[in-house]
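1. need a structure here:
(chains A and B)
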Amino acid sequence: MDKFGYAQSQKFDTYASRLMPREEYFTSGHRSCQGCGEALAVRWVCKAIGKDAIIAHATGCMEIVSSGWPQTAWMHPWLHVAFENTSAVASGIESALKVLHRKGKLKGPMPKVVAMGGDGGTTDIGLQSLSGALERGHNFTYFCWDNEAYMNTGIQRSSSTPYGAMTTTSPPGKLSIGQHTQKKNMTAIAVAHGIPYVATASPSYLFDLYYKVRKAIETPGPAYVHVLSVCPTGWRSATDLSVRLGRLAVETGVFPLFEVVNGKYRLTVEVPKMRPVQDYLKPQGRFRHLREKERDFIQKHTLAQYELLLEKCGAPYPEFPVMTEPEEEKE
Amino acid sequence: MAHRVGMEVSIAISHAVQMCRAEAIAAYPITPQTHIVEHLSSMVANGELDAEFVNVESEHSAISTCIGMSATGARTYTATSSQGLALMNEILYIVSALRLPIVMTVANRALSGPLSIWNDHSDIMGARDIGWIQIFVENGQESFDHSVMAFKIAENHKVLLPTIINLDGFILSHVVEAMEFPDQELVDKFLPSYHPRFYLDPDKPVTMGAFAMPEVYTEVKMGHQMALTGAYDYILKVWKEWGDLTGRHYQPVEKYKTEGAKTLLLTMGCLSEVAEVAVDEMREEGLEVGLLKLRMWRPFPFADLRNAVAGAKLLIVCDRALSLGGAAPPVLAEVRSAFYAMRGRPQTASFVVGLGGRDVAPGAFKDIVAQAQEEAQHKPTAEYHIFGVRG
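-> Model prediction:
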């Protein structure tokens, strides 16, 4: 086993571009913004899920761009009810499948049950129903499309918005640096429910994402996958940088890719030499207002969090970027 | 053969749900609905009912889980009360718009605040416009019968609307009554297993819950309205079918001793049985008083009500809820507007009774009739009276 546990994850290598299914389940013609990282994630997650699945989707960007009657981008049976209850809806689907299967009313393979929601629908308003469904142990997989704010309603802050980010409800000003709280650690909350599978994923690492989706939906019981979804509209970044920004989020340690199997953490994408966080912040207009002081704080906080994760994963430290001391401390 | 039982009404309802072979139940405990779902969960635990019972973490999730169940094609049931119904409120509109035939019992209870676990109709009156079929029952037998009929009505492919059976919390839900239970064979024949019109199936994928632009939203709402008002005929058909099988016939507006009555009381729920006692006494005293019992609340039975009041001079509407700061208590507001264009309509009087579990004895109705008749001679002193309130 090499130093990042990569040997454990050899299964990544079994996925190659030519082996990817050609079927599309999230089809073109939807109305997402140019450069939407989330639409890319949804498309590949749906590919990985395969045909035999039922999807419950929360209100949010992906719902709005994809399901304006009489059109739909979804080739799966798909149900949208409201913003905060997707996990409860999925619980109902899973329970009904069980009883109908038991009674012989349902023929053929048991469909996989999938719930999807944005970061607001997951970490804020939908947290209760998600927690309930994870605790009850329904056999379903939850995907959180995390674009780090309420983008659908016009870029308002959520509990998943990172420290320092400018949103329309966390604007920087004389008395504010923008978002002044740290991003909610949603994967840790999911892990705390004692569920068998939790992972982070990114459409910038397609094979890693594909592997995790397969693993999540094949795992009996609840699974939670948190997908970072770059949002050029809300992040004020160039539309051709979305995949790049997703990579930078991993390479700077801002959004590490890992999985937690039965409570055991494992880093799935190694970063032998970490980039400075500034590489990730700079292309994004939402961090434009930050001074060096705040940028240094973000750098330190990111590395501290990353170290905690490495400890959980039992992984050795990579080469960290050289830290610069904040100006005040130098004086 | 049908057999007579003595049983708590809540438990009778759970037996009705069992005999209907409900397949999926999601519920959250709230007084006074709890006995229904407690008993159902023990039936599932004992293998007496082959269903999935999901103990959700809130009423909001209860109704949301029911949506998932029903959309997947399972016969779905839930029950709630008061704050629980209020917490569901957002989703109730979506259930009916998705045309999912969920059946729900509401053990009517006052809304907070102040907190009150006792009976009135403020919970359901806050959910008048959710687009569900809504029925009120007045005793244990009706609770059982309408629970069975609700599934048949809701699941009909021309109806496909969720249905609420309202029964008064505690004063009906928790009393032990004598009832007649039909045989399982009769229920099975009356209510065949559920075959959904549309459901979530990977082999025939559908998108449910698409959003509507202004170009179509109005048409969708119109379709919903047509479905709900159009359900009236089928509801009566099912009630007649059940009546022919069991001998128990039901009408949207039930009449009690209305022959020649110049004054009519109008009640809903189990207050009606108390009012019957009062009407009996007043009739013995020679007063020309009768009683109308409003059973069908949605769709609102306009024609039945107009016909039922023909010949009456005074209609006294007894509400168990307030519309604070509004034009009238909810039932009166609807009844009066139903009469507005009617020739020879009766005068209306309005009394709000029995809020938050306040007891309403037969004597109350006699006082109400006396006061209303007195006021009918003069100009009314108020839009409505809260009966028995201490000054």
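2. measure A:Leu248 to A:Leu228 for me?
-> A:Leu248 is 11 Å from A:Leu228, where distance means C-beta to C-beta, to the nearest Å. (Each C-beta comes from the backbone N, C-alpha and C, glycine too.)
3. neighbour count for those two, which is higher?
-> Neighbours were counted for A:Leu248 and for A:Leu228 using other C-beta atoms under 10 Å in any protein chain shown; A:Leu228 has more, 28 against 22.
4. bridging residues for the more buried one?
-> A:Asp146 (DSSP bridges).
5. was I right about it contacting A:Pro256?
-> No: between A:Leu228 and A:Pro256 there is no contact under C-beta atoms under 8 Å: 10.2 Å.
6. which neighbours do these two share?
-> Residues within reach of A:Leu228 and of A:Pro256 at once, by C-beta atoms under 8 Å, 6 or more residues apart in numbering or on different chains, are A:Thr200.
7. which residue ranges of the stretch 201-331 of chain A form helices?
-> Using DSSP state H, counting those that start in this stretch, the helices of the stretch 201-331 of chain A run over residues A:206-218, A:232-235, A:242-251, A:278-281, A:292-313, A:327-330.
8. so for chain B, which of these sits nearest?
-> helix A:206-218 (13.1 Å; C-beta to the nearest C-beta).
9. any residue of that closest one up close to chain B?
-> No: with C-beta under 8 Å from any C-beta of the partner chain as the criterion, chain B is not reached by helix A:206-218; the gap is at least 13.1 Å.
10. can you tell me which of the helices of the stretch 201-331 of chain A the model trusts least?
-> Ranked by mean pLDDT, these bottom out at helix A:327-330, with a mean of 51.
11. show the pLDDT at A:Lys3.
-> So A:Lys3 comes in at 39 (pLDDT).
12. hmm, I was thinking of B:Pro101
-> 98.
13. what do you get for B:Glu383?
-> Taking B:Glu383 on its own, its pLDDT is 86.
14. thought it was touching B:Ala327?
-> Yes: using C-beta under 8 Å, B:Glu383 is in contact with B:Ala327, at 7.2 Å.
15. is the residue in chain A positioned nearest to chain B in a helix, a strand, or coil?
-> Chain B sits closest to A:Gly92 of chain A, with a gap of 2.4 Å, by C-beta to the nearest C-beta. Using DSSP: H, G, I helix; E, B strand; the rest coil, the structure places A:Gly92 in helix.
16. tell me the contacts of it?
-> With C-beta under 8 Å, 6+ apart, A:Gly92 has these contacts: B:24, B:26, B:54, B:64-72, B:76.
17. out of those, which one sits closest to chain A?
-> Of the contacts of A:Gly92, the one sitting nearest to chain A (C-beta to the nearest C-beta) turns out to be B:Gly68, at 2.4 Å.
18. burial check on the closest one, number of neighbours?
-> 35.
19. please, where are all the helices along the stretch 1-150 of chain A?
-> So, for the stretch 1-150 of chain A - with DSSP H, counting those that start in this stretch - the helices run A:37-49, A:61-66, A:86-102, A:119, A:127-136.
20. any chance of those in CSV, plus mean pLDDT and distance to B:Leu315?
-> Formatted as CSV, the helices of the stretch 1-150 of chain A follow (pLDDT from 0 to 100; distance: least, C-beta to C-beta, whole Å):
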stretch, mean pLDDT, distance to B:Leu315
helix A:37-49, 97, 58
helix A:61-66, 97, 48
helix A:86-102, 98, 43
helix A:119, 98, 55
helix A:127-136, 98, 45
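21. any chance of those in JSON lines, with distance to B:Ile117 too?
-> Shown next, in JSON lines, are these (distance: least, C-beta to C-beta, whole Å):
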{"stretch": "helix A:37-49", "distance to B:Ile117": "45"}
{"stretch": "helix A:61-66", "distance to B:Ile117": "38"}
{"stretch": "helix A:86-102", "distance to B:Ile117": "25"}
{"stretch": "helix A:119", "distance to B:Ile117": "38"}
{"stretch": "helix A:127-136", "distance to B:Ile117": "23"}
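22. and the pLDDT for the residue most central in space within chain A?
-> The centre of chain A sits closest to A:Val227, judged by C-alpha atoms, centre = their mean, with a distance of 1.6 Å. What the model reports as pLDDT for A:Val227 is 98.
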